[in-house]
Structures are given as structure tokens and as C-alpha cells.
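In: My questions are about this predicted structure, shown below with the sequence.
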Amino acid sequence: MAGHEQELERGGQTIYPTNFDYYRPSTVQEAIELLGKDRNAKVLAGGHSLLPAMKLRVASPAALVDIGRIKSLAGIKADGKTVTIGALTTHATVVASNVVKSQCPILAETAAMIGDVQVRNRGTIGGSLAHADPAADYPTTIIALGATITATGAKGSRDIPADEFFTGLLTTALKPAELITAISVPAYGAMKGMGGGDEEEEEEGEGDAVGSAAAWMATELAERDDPFPDVLPAVEYALSDQERVDSDSL
Ligand SMILES: Cc1cc2nc3c(=O)[nH]c(=O)nc-3n(C[C@H](O)[C@H](O)[C@H](O)COP(=O)(O)OP(=O)(O)OC[C@H]3O[C@@H](n4cnc5c(N)ncnc54)[C@H](O)[C@@H]3O)c2cc1C
């Protein structure tokens with residue numbers, strides 16, 4: 001789409017999108033080349049964060065590079081130690097994946113908490129992480145799991161530890177013209193308190209993804225000269241004798 005500013009009439013409501021070019025590459029290489037041509041180009045994945053931002057003109061990219069047809073970016077595989085999830089894999093696919101459910105259940109439980117069916121059917125794990133919304137569900141779990149985010153650019157791929165990936169509000173360690181191509185999480189299997197609990201555990205709160213992630217994160221922080229000391233007592237209390245974790249106390 002290009003040309004003069006358009007005023008679109010939709011059901012009586014006026015939309016004012018800024019002009020943008022639209023590209024639909026079929027390979028990662030092609031996408032990276034397109035991104036490299038224009039610093040103001042943006043990746044379009046599920047569109048569930050970017051398009052609302054464009055509608056409000058909070059974001060006004062000069063070009064959209066729609067990665068939705070790049071088949072190599074979607075899908076889930078495991079090698080016994082690691083579960084690798086393509087950036088374009090939707091939240092719904094993560095929820096339904098038997099590999100994720102059996103080898104990293106907390107991630108499937110986290111994905112199940114995201115939005116509603118429509119959002120889970122369109123939104124992608126790569127889009128959610130690249131967007132870096134502090135209110136999003138994936139980032140906490142991804143950091144707690146010690147996941148690795150693979151970014152690919154013109155010079156090749158690099159692995160970014162999840163706890164170095166988020167650098168601030170809506171900002172990440174991604175460089176211009178770099179794509180998230182995959183997310184790798186440890187295949188820890190069934191582990192008490194780490195999701196995948198049976199019904200009884202769920203009732204006891206042991207299958208609570210947020211609580212488990214918080215507990216893991218608290219342990220990590222404790223080992224690292226904790227910069228947020230107030231978090232630890234709150235997490236400890238929340239997980240001690242309450243039936244379920246009360247997120248307000250975290
Ligand atoms: C009604 C509604 C409810 C929602 N509820 C929740 C919720 O409860 N919990 C939650 O966590 N999220 C929620 N979301 C957000 C949702 O999960 C989005 O899907 C997600 O934040 C963005 O994923 P996307 O694939 O739609 O990305 P897009 O909107 O396409 O892109 C988002 C950003 O990431 C960039 N990007 C996308 N893919 C890549 C990539 N592979 N590499 C580099 N950059 C990339 C884009 O350039 C853009 O800046 C909600 C969204 C809506 C509309």
C-alpha cells in the first residue's frame with residue numbers, strides 16, 4: 001500500500017492509516033534484506049499488537065514486512081534437552097502442542113492465559129517477545145525458564161539469553177533488521193511446582209504458571225545479589241500456605 005494519505009470509510013467509522021509499503025517475503029533472508037533497506041520498516045507477524053498501535057498512530061512504520069508466509073518460522077521441535085519454538089508459532093499452537101505440554105508444561109499453561117481464542121489463534125510467540133510489553137504473559141515465564149531467543153540478521157544468527165533480551169519498556173536487545181527466528185526452552189519434563197500439575201495440584205495452586213515462574217525467578221534473583229529484595233518475601237508468602245497464588249501480593 002502506498003500513495004497519498006488515505007481516508008477509509010468502514011461501517012460509518014473513519015480510519016486514518018499513515019501510508020506504508022507492504023512486503024510479503026517467503027524466506028527469512030528476503031525478510032532481512034527488506035528490513036535492511038529501511039530503518040523505519042517493521043516486521044508484521046500476527047498483527048495483534050502492531051496493527052492496533054498503527055491504528056492509533058503510536059506506530060507509523062514506513063513499510064511492513066509480513067513474515068506470515070515464511071513456513072520455516074513456524075513449528076515446534078524437541079531433541080530431548082531443548083524445545084525449540086519457531087517465532088511465528090501461534091499461542092494456540094503452543095497451548096495445544098503435546099511436545100510443549102509434556103516437556104515444558106509451564107509454557108503451554110502460560111500461552112493458555114493469553115487473551116481469548118482469537119488472540120491466541122493469530123498472536124505469535126516471536127511477536128509477543130519482540131513487542132516486550134511488561135504486561136504480557138510470556139516474558140516472565142521465558143526469563144524464569146532460562147530460555148534463549150535466536151535473532152537472525154544480515155550477519156547470521158545469535159542466541160540471546162532471555163534475561164538479557166528485555167532492555168526496557170517495549171524495548172529489546174534486537175538490532176535493526178534482526179528477526180526473532182526461534183525461542184529455545186529447556187525440556188525439563190514433569191517437575192513438581194513447574195506446571196503440568198494434575199487436578200489436585202491445580203486446586204492446591206501447584207500448577208499455577210505465574211506462581212511457579214515467580215518462585216523460579218525469586219530463586220534466580222536470590223542467587224544474584226537480588227536487585228529487588230522486596231519481591232522475595234512476597235513470593236515466599238504467596239507460595240507458602242495460600243490455596244492459590246494471589247498475584248496482587250507479588
Ligand atoms: C484483545 C487483545 C488481548 C490481548 N491479551 C493478551 C494477554 O492477555 N496476554 C498477552 O501476553 N498478550 C495479549 N495480547 C497481545 C498478543 O499476545 C499479541 O499477539 C502479541 O503481543 C504480539 O504478537 P503478534 O504476533 O500479534 O505480533 P505483531 O503485532 O505482528 O508485532 C508486534 C511487534 O513485534 C515485532 N515482531 C513481530 N514478530 C517479530 C519477529 N519474529 N522478529 C522481530 N520482531 C517481530 C513487530 O514488528 C511489532 O513491533 C492481546 C492482544 C489483543 C489484541
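Out: Thanks, I have the structure now. All figures in this text were calculated on a predicted structure; none of them were measured in a lab.
In: Can I get the helix or strand where residue 118 lies in PDB, CA atoms only?
Out: For residue 118, the enclosing helix or strand under DSSP states H and E is helix 117-122. Coordinates of the C-alpha atoms in helix 117-122 are reproduced here as PDB (Å, rounded to 0.1, in the frame of the first residue of the first chain):
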ATOM      1  CA  VAL A 117      -9.300 -17.600  21.300                       C
ATOM      2  CA  GLN A 118      -9.000 -15.000  18.500                       C
ATOM      3  CA  VAL A 119      -5.800 -13.500  20.000                       C
ATOM      4  CA  ARG A 120      -4.300 -17.000  20.600                       C
ATOM      5  CA  ASN A 121      -5.100 -18.000  17.000                       C
ATOM      6  CA  ARG A 122      -3.300 -15.000  15.500                       C
END
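In: what's that helix packed up against?
Out: helix 91-96 (3 or more CB pairs under 8 Å, 6 or more residues apart in numbering; DSSP states H and E). Where C-beta positions appear, they are placed from N, C-alpha and C, glycine not excepted.
In: Let me know the average pLDDT across the helix holding residue 118.
Out: Predicted confidence along helix 117-122 averages 97 (mean pLDDT).
In: Would you mark the buried spots in that helix?
Out: By 16 or more other CB atoms under 10 Å, the buried positions in helix 117-122 come out as 120, 122.
In: just stretch 136-150 next, same as before
Out: Going through stretch 136-150 with 16+ other CB under 10 Å, the ones that come out buried are 136-145, 147-150.
In: Keep only those that also lie close to the ligand.
Out: With respect to the ligand, and counting by CB under 6 Å from any ligand atom, the subset of these in contact is 136-138.
In: Just the ones in strands from the buried residues of stretch 136-150, please.
Out: Within those, residues falling in strands by DSSP state E are 148-150.
In: so what secondary structure elements neighbour the lengthiest strand in the chain?
Out: Taking residue count as the measure and DSSP E as the definition, the longest strand of the chain comes out as strand 179-186. If contacts are counted by 3+ CB pairs under 8 Å, 6+ apart, strand 179-186 sits against helix 28-37, strand 82-86, helix 125-131, strand 148-153.
In: so the nearest residue to residue 35 once chain neighbours are set aside, which of the three states?
Out: Closest residue to residue 35 in three dimensions, ignoring its sequence neighbours and counting by CB to CB, 6 or more residues apart in numbering: residue 177, at 4.1 Å. With DSSP: H, G, I helix; E, B strand; the rest coil as the basis, the three-state label of residue 177 is coil.
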